[in-house]
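Chemist: any chance you could fold what I've pasted below:
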Amino acid sequence: MLVTMRAIHATEPGGPEVLSVVDLPDPEPGAGEVVVDVAAAGINFIDTYRRSGVYPMDFPHVPGSEGAGTLSAVGPGTDGLAVGDRVAWAEAPGSYAERVVVAADATLPVPAGLDLETAAALPLQGMTAHYLATSAFPLQAGHTAVVTAAAGGVGLLLTQLAKARGARVIGTVGSPEKEGLARAAGADEVIRYAELDDMTAELPRIVRELTDGAGVEVVYDGVGKDTFDASLASLRRRGTLVLFGGASGQVPPFDPQRLNAAGSVYVTRPKLGDYTVEREELLWRASEIFDAAASGSLDVQVGARHPLAEAGTAHEALEGRATTGKVLLVPRGLSSASR
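Modeler: Numbering: from 1, shown residues only. This is a model prediction of the structure:
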């Protein structure tokens, strides 16, 4: 008898309405692979890009690439892994499901004392915050950074890591509630951009007032199209704009001479995969983030948990900037995620 599992299908390129629950055959591990019972899957903006067709994908497909759970089967060539191990992952296509196949060399051991929902919230956003603060622009004591969407999943983690490295953080948020979250994470100053008449002009003006006219060493911008011009104008001479996402849409092509006019500034468009190329680097970033969460020195905010059938609702909230912290799918029910 065919054993099936529940999963989400994106049936065609489109909005959240193209997501539906389907029954699919249980996956089997191949060489170098494991099967994981998914305790929770992380929902990320890249999932919406793939669902909508911004990033080319085959349809139908099971969205999601991040999560955590317990190994239920192991294939050959997976030495060191055993059924019952608790693991997380940042890149395993098809993670919006009750079970998923994960490459053994993509698994991240979950330390004792860290629950699986929290572990599922960390691989993409946690390691993104880590590479932003340590590598894309290595923050040091005395630096001032602007963090856009400071109450979002990456923003809350990045703010904490920036403060731990001795930097001053100016966060941008969209509401008083989000301002409270950003300040609780350590933001020194918070700008509510929704209250600005002209964000492109006013946000840089406020940033320069807060930095004695100089601007900031770095802007970490995960919003993209709506904030790019303001972010660029907030930099000090030879500052760096780290454009790591496009929550409001992708930034259109621009004239590189603008970087000259802005004070010989830099723009980089990084992605996590280029900062976790070697497994040693992947494990380093994951272990630092997981250990900090397990010890309590890094506060991980899970803003919403949704059952599998509400994947479309979760995407709609994420794209509408109606979320804070991390958004999770819990495939087996909200009360049954493993701890």
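
Chemist: doesn't Glu310 belong to a strand?
Modeler: No - secondary structure of Glu310 (DSSP: H, G, I helix; E, B strand; the rest coil): helix, not part of a strand.

Chemist: show me the contacts for the closest residue to it other than its chain neighbours.
Modeler: Closest residue to Glu310 apart from its sequence neighbours, by CB to CB, 6 or more residues apart in numbering: Leu329 at 7.8 Å. (Glycine included, C-beta is placed from N, CA and C.) For Leu329, the residues meeting the contact criterion (CB atoms under 8 Å, 6 or more residues apart in numbering) are 8, 40-43, 64, 96, 305-308, 310-311, 314.

Chemist: do Asp85 as well
Modeler: Asp85 touches 70-71, 109, counting by CB under 8 Å, 6+ apart.

Chemist: how about Leu210?
Modeler: Taking CB under 8 Å, 6+ apart as the criterion, Leu210 is in contact with 144, 170, 189.

Chemist: which one of those is nearest Val3?
Modeler: Using CB to CB, Ile170 comes nearest to Val3 of the contacts of Leu210, at 52.6 Å.

Chemist: distance of Leu282 from Val154?
Modeler: As judged by CB to CB, to the nearest Å, Leu282 and Val154 stand 18 Å apart.

Chemist: right, and Ala304 touches Ala322 too?
Modeler: No - using CB atoms under 8 Å as the test, Ala304 is too far from Ala322 to be in contact (9.3 Å).

Chemist: neighbour-wise, which of those two wins?
Modeler: Set side by side, Ala304 and Ala322 show more neighbours around Ala304, with 18 against 12, by other CB atoms under 10 Å.

Chemist: hang on, the more buried one in a helix?
Modeler: No - using three-state DSSP, the secondary structure at Ala304 is strand, not a helix.

Chemist: and it, what pLDDT?
Modeler: For Ala304, the pLDDT comes out at 94.

Chemist: ok, longest helix in the protein?
Modeler: Criterion DSSP state H: the longest helix present in the chain is helix 279-295.

Chemist: now for that one, which elements pack on it?
Modeler: Secondary-structure packing of helix 279-295 (3 or more CB pairs under 8 Å, 6 or more residues apart in numbering; DSSP states H and E): strand 108-109, helix 116-120, helix 123-131.

Chemist: quick one: Glu288 and Ala133 touch, right?
Modeler: No - Glu288 is not in contact with Ala133 according to CB under 8 Å; the separation is 10.6 Å.

Chemist: burial measure for Gly84, as a count.
Modeler: 8.

Chemist: Leu157 is in what secondary structure piece?
Modeler: Per DSSP states H and E: Leu157 is located in helix 153-164.

Chemist: buried ones in that helix, by neighbour count?
Modeler: Buried residues in helix 153-164, counted by 16 or more other CB atoms under 10 Å: 153-163.

Chemist: what secondary structure does Val102 sit in?
Modeler: strand.

Chemist: and the gap between the nearest residue to Glu17 once chain neighbours are set aside and His306?
Modeler: Nearest non-adjacent residue to Glu17, counting by CB to CB, 6+ apart: Gly312, 6.1 Å away. For Gly312, the distance to His306 equals 9 Å [CB to CB].

Chemist: ok, Gly84 next?
Modeler: Note on Gly84: its distance to His306, by CB to CB, is 27 Å.

Chemist: who are the contact partners of the residue positioned nearest the centre of the chain?
Modeler: Centroid-nearest residue in the chain, with CA atoms, centre = their mean: Gln125, separated by 3.0 Å. Shown in contact with Gln125 (CB under 8 Å, 6+ apart): 42, 44, 153-154, 157, 326.

Chemist: likewise Ile43?
Modeler: Neighbouring residues of Ile43 by CB under 8 Å, 6+ apart: 64, 306, 311, 314-315, 318, 327-329.

Chemist: which of these has the weakest pLDDT?
Modeler: The member of those with the lowest pLDDT is Leu318, at 91.

Chemist: thought it was touching Phe45?
Modeler: Yes - assessed by CB under 8 Å, Leu318 is found in contact with Phe45 at 6.7 Å.

Chemist: gap between the helix holding Leu157 and the chain center?
Modeler: Relative to its chain's centre, helix 153-164 lies at 12 Å (CA atoms, centre = their mean, to the nearest Å).

Chemist: could I get the CA-only coordinates of it as PDB?
Modeler: Extracted C-alpha coordinates of helix 153-164, given in PDB (Å, rounded to 0.1, in the frame of the first residue of the first chain):
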ATOM      1  CA  GLY A 153      13.000  38.000  11.300                       C
ATOM      2  CA  VAL A 154      16.400  38.900  10.100                       C
ATOM      3  CA  GLY A 155      16.200  42.400  11.500                       C
ATOM      4  CA  LEU A 156      15.700  41.400  15.100                       C
ATOM      5  CA  LEU A 157      18.500  38.900  15.000                       C
ATOM      6  CA  LEU A 158      20.900  41.200  13.100                       C
ATOM      7  CA  THR A 159      20.200  44.000  15.600                       C
ATOM      8  CA  GLN A 160      21.200  41.700  18.500                       C
ATOM      9  CA  LEU A 161      24.400  40.600  16.700                       C
ATOM     10  CA  ALA A 162      25.300  44.100  15.800                       C
ATOM     11  CA  LYS A 163      25.000  45.200  19.400                       C
ATOM     12  CA  ALA A 164      27.000  42.300  20.600                       C
END
